[in-house]
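Chemist: dropping a prediction and its sequence here:
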Amino acid sequence: MQKNRLDTILRKIGIDIIGITKNYDIDKIYKRLVKRREKNYHTEFEFDINKRLDIESILPGWKNIISIGISYNFNIESIDAELKGRVSKSAIGRDYHLILNEKMDALIKALNEEGYEFNYFKGVDTTPLVDREIAAEAGIGFFGKNNSIINEEYGSFIFLGFIIIDIDISELWGKNRILENRCINCNLCIKSCPTNALRDNNDMDAKRCLSYLTQTKEDIPFDLREKINTLYGCDICQNVCPYNRNAIKKDEKEIIDIDLEDIIFISNKEFKRKYGDKAFSWRGKNIIRRNAVILLSKIVNKKSKDILIELLKDSSEMIRKYSIWALYMHGYLDLEAIILKASGRYLEENINELKRIEEFYVIKKGNR
């Protein structure tokens, strides 16, 4: 196959960026992962380090890794709603896992039709292997200080996928190389991170990342709850990146907001119908409801208050606890009376949670 033939196929499939590598740098990846573990920067979503290194067990006799990038730099639109929450760009459209797998299936089929037969393994960010390290090795982009892969044309708003194959087709790409790191050291991403999750030298405390906090099932510390301003995900460190200012944009428009009242009281059936193909739906309805409650802590009006009071009797202990905290953040002097009146059979639990919240903020105030 000629290079121009491959380019035609890629345009037809809708793959924006592609690269190939013969290397999965185990030593470099191991050092980076161990360093993160030692600093306690890892999260519950991460695989065992040994699994993240063992590419041979995933596809014995592998020869190449094809890395692809799909831009999600959409034009965005808001909604007209009194109570609304923003979703990160990566999660507003159709689930990127579905999109990437469809694109990779189409590429595999095209290569087969061109006479290339091989065994393969497809991967996205749900597999043990480190997709960003693969993308960097394949020349898709370079690591920015926000830990995203940055492409000079498409910026960092790119979904990443990879295909491991057991034949060598590197001649289709010509000479591939790791791109020079062209992060301009403006440190805007580090300075703009509200929780100081980003550190110098490409370090990142993932447990403090706002995107992670909107996904975790762990109890979010009170002071970090205060920093959350989105219903799911976070784009702050990417929005400020100079490489995204003039990056190629998609023609499509996506609605980036969701009605908070709707998502809080939505049924399981309706949640699956409306949001089942969105990237955030994998986390389940209650985590998104919890995030909506956190956002209501910042909206001090009668409608928000009424919703939070109603949630004091919610069947989910998590929703009740976060609702008490949100009401506390509203600053109501009669909050204990509100809880006594509205809690029903959850009264004792709710009062105990209020005491826990009050104790934290008394200590915090005393430490200032």
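Modeler: Yep, it's here.

Chemist: look up how far Ile288 lies from the nearest residue to Val87 once chain neighbours are set aside.
Modeler: Ranked by Cβ to Cβ, 6 or more residues apart in numbering and with sequence neighbours excluded, the top spatial neighbour of Val87 is Tyr232, at 4.9 Å. (Glycine included, C-beta is placed from N, CA and C.) In this view, Tyr232 and Ile288 are 6 Å apart by Cβ to Cβ, to the nearest Å.

Chemist: which neighbours do these two share?
Modeler: Common neighbours of Tyr232 and Ile288, using Cβ atoms under 8 Å, 6 or more residues apart in numbering, are Phe280.

Chemist: now do the strands in the stretch 201-350 of the chain.
Modeler: 253-255, 257-259 (DSSP state E, counting those that start in this stretch).

Chemist: quick one: closest of these to Cys209.
Modeler: Cys209 lies closest to strand 257-259 among those, at 20.8 Å (Cβ to Cβ).

Chemist: quickly run through the sheet partners of the closest one, with directions.
Modeler: Applying DSSP bridges to the sheet, strand 257-259 is found paired with strand 84-86 (antiparallel).

Chemist: residue ranges for the helices of the stretch 201-350 of the chain, please.
Modeler: 210-213, 222-225, 236-239, 260-264, 268-275, 285-296, 302-310, 317-330, 335-342, 347-366 (DSSP state H, counting those that start in this stretch).

Chemist: of these, which approaches Cys186 most closely?
Modeler: Per Cβ to Cβ, nearest to Cys186 of these: helix 236-239, 11.8 Å.

Chemist: a markdown table for the helices of the stretch 201-350 of the chain, including distance to Asn50?
Modeler: A markdown table is the format used below for those (distance: least, Cβ to Cβ, whole Å):
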| stretch | distance to Asn50 |
| --- | --- |
| helix 210-213 | 23 |
| helix 222-225 | 31 |
| helix 236-239 | 30 |
| helix 260-264 | 39 |
| helix 268-275 | 35 |
| helix 285-296 | 29 |
| helix 302-310 | 45 |
| helix 317-330 | 33 |
| helix 335-342 | 48 |
| helix 347-366 | 38 |
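
Chemist: can you list those in CSV and add mean neighbour count?
Modeler: Shown next, in CSV, are those (neighbours: other Cβ atoms under 10 Å):
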stretch, mean neighbour count
helix 210-213, 21
helix 222-225, 16
helix 236-239, 21
helix 260-264, 20
helix 268-275, 13
helix 285-296, 23
helix 302-310, 16
helix 317-330, 21
helix 335-342, 16
helix 347-366, 13
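
Chemist: which one of those helices lies closest to Leu188?
Modeler: Closest among the helices of the stretch 201-350 of the chain, once you apply Cβ to Cβ, is helix 236-239, at 8.2 Å.

Chemist: now for that closest one, which elements pack on it?
Modeler: helix 188-192 (3 or more Cβ pairs under 8 Å, 6 or more residues apart in numbering; DSSP states H and E).

Chemist: centre of the chain to the helix it packs on, how far?
Modeler: Mean-position distance between helix 188-192 and its chain equals 18 Å (Cα atoms, centre = their mean, to the nearest Å).

Chemist: contacts for it, please.
Modeler: 144-146, 198-200, 236-238, 240-242.

Chemist: looking at the residues you listed, which gets the smallest pLDDT?
Modeler: Of all the contacts of helix 188-192, Asp200 carries the smallest pLDDT score, 84.

Chemist: good, wrapping up.
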